[in-house]
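K.L.:
Okay, sequence plus prediction incoming.
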Amino acid sequence: MKKVIVIALTLMLVALNAAPVFAGTGNGAPSGAHYNLNIIGVPKQKTADMTGNNGHRIFVPLQGKVSISLKEGDFQVLDANGTDGKASFQLPNPDPDNDGTTLYSVYARALGKPGGSSTTTPYVVDADGTTWYSTENMVLVRGTGKSSFVNVTKELLYIWADLDGDGDLDRLPLFGDAAYQYFWEYNNNGLKLAQLRFYEVPTTVPADPEL
């Protein structure tokens with residue numbers, strides 16, 4: 001009997017050790033490999049041409065809005081100079097089947113001098129030039145003390161809008177419909193650094209953003 005119990009416990013330990021574990025890092029984000037993107041607020045406009053400058057950062061004004069054009073593909077910065085009001089970032093389709101479970105997740109935190117904040121709102125532009133803003137957005141506030149990552153997958157990788165005019169919000173993942181152009185509107189209010197991390201771990205997003 002004891003021999004059977006020992007064998008069973010041994011099999012359980014083997015199964016647990018074989019299972020993938022995504023332990024936290026203590027700062028709110030998962031552990032493991034990730035793509036890092038820093039959105040850096042600066043007081044003066046940059047004059048250098050940063051097209052194709054894949055430096056894992058985008059410069060934006062300390063005060064004001066920037067339209068970040070989103071392109072489908074491997075992670076990379078296509079235009080790092082957002083101080084002129086426009087920038088460009090490339091990232092994969094997060095949910096090709098729009099089943100609510102993403103292929104990767106986004107975690108974000110605010111860093112830098114306390115007191116700044118930013119709001120990032122996804123939006124799409126259709127073939128007629130009509131703009132549709134998501135009802136969900138990412139709000140980062142730099143308070144005092146330690147800054148921790150939060151999961152912003154629902155807020156950044158989907159557009160929640162009544163795209164078909166039936167009165168209900170539709171859930172559209174980035175690049176889920178080729179008829180649209182995809183953007184993030186980054187509205188900065190003194191935040192010096194917004195740090196985004198993209199991890200290859202799934203997040204399940206409901207059909208209704210209020211859930």
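P.N.:
Received, thanks. Residues are numbered from 1 along each chain as shown.

K.L.:
Could you give the number of residues near Pro30?
P.N.:
Neighbours of Pro30 under the rule other C-beta atoms under 10 Å: 18. For glycine as for every other residue, the C-beta is placed from the backbone atoms N, C-alpha and C.

K.L.:
do Leu193 as well
P.N.:
Counted with other C-beta under 10 Å, the neighbours of Leu193 add up to 19.

K.L.:
Tell me who's in contact with it.
P.N.:
Leu193 sits next to 38-41, 110-112 when contact means C-beta atoms under 8 Å, 6 or more residues apart in numbering.

K.L.:
from the middle of its chain, how far away would stretch 108-118 be?
P.N.:
Relative to its parent chain, stretch 108-118 has a centroid offset of 16 Å by C-alpha atoms, centre = their mean, to the nearest Å.

K.L.:
Mark which of the contacts of Leu193 are part of strands, please.
P.N.:
Cross-referencing the contacts of Leu193 against strands under DSSP state E gives 38-41, 110-111.

K.L.:
Below-threshold pLDDT in this protein: ranges please.
P.N.:
Scanning the chain for pLDDT under 70 picks out 1-26, 53-54.

K.L.:
in stretch 170-184, what's buried?
P.N.:
For stretch 170-184, burial by neighbour count (16 or more other C-beta atoms under 10 Å) applies to 170-176, 180, 182-184.

K.L.:
Can you redo those as JSON lines, where the extra columns are distance to Gln45 and secondary structure?
P.N.:
Compiled in JSON lines, these are given as follows (distance: C-beta to C-beta, whole Å; DSSP: H, G, I helix; E, B strand; the rest coil):
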{"residue": "Asp170", "distance to Gln45": "37", "secondary structure": "strand"}
{"residue": "Arg171", "distance to Gln45": "37", "secondary structure": "strand"}
{"residue": "Leu172", "distance to Gln45": "33", "secondary structure": "strand"}
{"residue": "Pro173", "distance to Gln45": "33", "secondary structure": "strand"}
{"residue": "Leu174", "distance to Gln45": "28", "secondary structure": "coil"}
{"residue": "Phe175", "distance to Gln45": "30", "secondary structure": "coil"}
{"residue": "Gly176", "distance to Gln45": "34", "secondary structure": "coil"}
{"residue": "Tyr180", "distance to Gln45": "30", "secondary structure": "coil"}
{"residue": "Tyr182", "distance to Gln45": "25", "secondary structure": "strand"}
{"residue": "Phe183", "distance to Gln45": "20", "secondary structure": "strand"}
{"residue": "Trp184", "distance to Gln45": "20", "secondary structure": "strand"}
